[in-house]
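> From the sequence below, what's the structure:
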Amino acid sequence: MIDTIVFDVDGTLVDTNYQHALAWYGAFRRFDITPALWRIHRAIGMGGDQLVEAVAGREAEESHGDDLREAWSEEYDKHLPHVQPFEGAIDLLEDARSRDLRVVLASSGQRDHVEHYLDLLDGRRLAHDWTTSEDAEQTKPAPDLVQTAMSKVGGEHAVMIGDSTWDAEAAERAGIPTYAVRTGGFSVEELRQAGARQVYDSLAELRADLSSVISAGVPRR
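Below is the predicted model of the structure:
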């Protein structure tokens with residue numbers, strides 16, 4: 001049995017991946033860089049410290065990396081008021097909390113963005129703790145954020161709930177199993193190949209199988 005559930009936030013509990021992609025596109029365009037939106041979307045879930053080079057190459061990172069990240073923040077702020085939780089997100093957090101599990105929200109987002117998500121999710125009541133971009137030296141797919149999330153609540157045996165291949169890879173490197181939802185736009189095959197033990201179409205479907213997830217056994221399906 002596990003004692004901790006680590007929840008990714010962006011794209012898993014709150015519907016932000018496409019807003020992030022549009023914000024990055026707007027940031028790149030400020031510097032006359034025009035990557036395809038699909039390529040940006042494929043990198044969402046990766047930290048901003050790694051995304052610029054992954055999407056636009058090393059030259060873009062070396063020439064404009066910090067400025068691009070600042071521009072992304074400004075662009076994303078325009079989208080933030082429209083962000084909403086996925087259906088069933090609060091119910092899932094309440095269910096996890098009711099089972100005497102340590103609930104921690106693992107986000108690499110800026111502090112003000114995370115504060116907004118906490119408001120949307122009633123996270124200050126339902127989570128024992130949370131992370132921001134200030135809590136890890138390296139972002140996903142590095143394991144730092146997952147490890148920090150666990151240490152914040154004193155977790156010893158955990159599972160990760162995420163939506164992207166980067167979540168699964170980070171958790172794998174941290175030595176904990178991942179259960180994934182398709183809310184980030186990745187396919188079942190991609191998520192499984194990245195290490196997810198099971199993939200669900202929605203948070204409600206995952207919640208219905210939460211007992212299996214907690215026992216870290218074989219899901220019912």
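> Could you list the domains of the protein?
4-15+84-215, 17-81 (automatic domain parsing).
> where do the strands sit along this protein?
Counting by DSSP state E, the chain has strands at residues 4-8, 102-106, 129-130, 158-162, 178-181, 196-200.
> Of these, give the one that comes closest to residue 76.
strand 4-8 (17.1 Å; Cβ to Cβ). (C-beta placed from N, C-alpha, C; glycine too.)
> partner strands of that closest one, parallel or antiparallel?
Listed by DSSP bridges, the sheet partners of strand 4-8 and their directions read strand 102-106 (parallel), strand 158-162 (parallel).
> Mind listing what's buried along the first one?
By neighbour count on 16 or more other Cβ atoms under 10 Å, the buried set for strand 102-106 is 102-106.
> do the same with stretch 104-124
104-110, 113-114, 116-118, 121, 123.
> again with stretch 204-219
Along stretch 204-219, the positions that meet the burial threshold by neighbour count (16+ other Cβ under 10 Å) are 206-207, 210, 212-214.
> now the helices for the protein?
Ranges of helices in the chain, per DSSP state H, are 17-30, 37-43, 48-56, 58-79, 89-98, 111-121, 123-126, 144-153, 165-174, 188-193, 203-208, 210-215.
> now the fifth one: how far from the chain's centre is it?
To tie it back to what came earlier, the one meant is helix 89-98. Taking Cα atoms, centre = their mean, to the nearest Å, the mean C-alpha location of helix 89-98 is offset from the chain mean by 17 Å.
> Hey, what's the angle from that helix to helix 111-121? Just curious.
With axes from the mean of the first three to the mean of the last three Cα atoms, to 10 degrees as the basis, helix 89-98 and helix 111-121 are set at 90 degrees to each other.
> Show me what helix 89-98 is packed up against.
Contact partners of helix 89-98 among helices and strands, from 3 or more Cβ pairs under 8 Å, 6 or more residues apart in numbering; DSSP states H and E: strand 102-106, helix 111-121, helix 123-126, helix 203-208, helix 210-215.
> CA atoms of that helix as CSV?
Extracted in CSV, the C-alpha atoms of helix 89-98 (Å, rounded to 0.1, in the frame of the first residue of the first chain):
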residue,chain,number,x,y,z
ALA,A,89,-10.6,17.0,-10.2
ILE,A,90,-11.9,18.2,-6.8
ASP,A,91,-13.8,14.9,-6.3
LEU,A,92,-10.6,13.0,-6.9
LEU,A,93,-8.6,15.0,-4.5
GLU,A,94,-11.3,14.7,-1.8
ASP,A,95,-11.4,10.9,-2.3
ALA,A,96,-7.7,10.6,-2.0
ARG,A,97,-7.6,12.8,1.1
SER,A,98,-10.5,10.7,2.7
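> what about the spatially closest residue to residue 22 that is not a sequence neighbour, how many neighbours?
Excluding its sequence neighbours, the residue lying closest to residue 22 (Cβ to Cβ, 6 or more residues apart in numbering) is residue 79, at 6.7 Å. As a burial measure, residue 79 scores 15 neighbours (other Cβ atoms under 10 Å).
> correct me, but residue 79 touches residue 15?
No: counting by Cβ atoms under 8 Å, no contact exists between residue 79 and residue 15, whose distance comes to 10.8 Å.
> for the domains of the chain, which one ends up most surrounded?
Neighbour counts (mean count of other Cβ atoms under 10 Å) averaged over each of the domains of the chain peak at domain 4-15+84-215, with a mean of 20.
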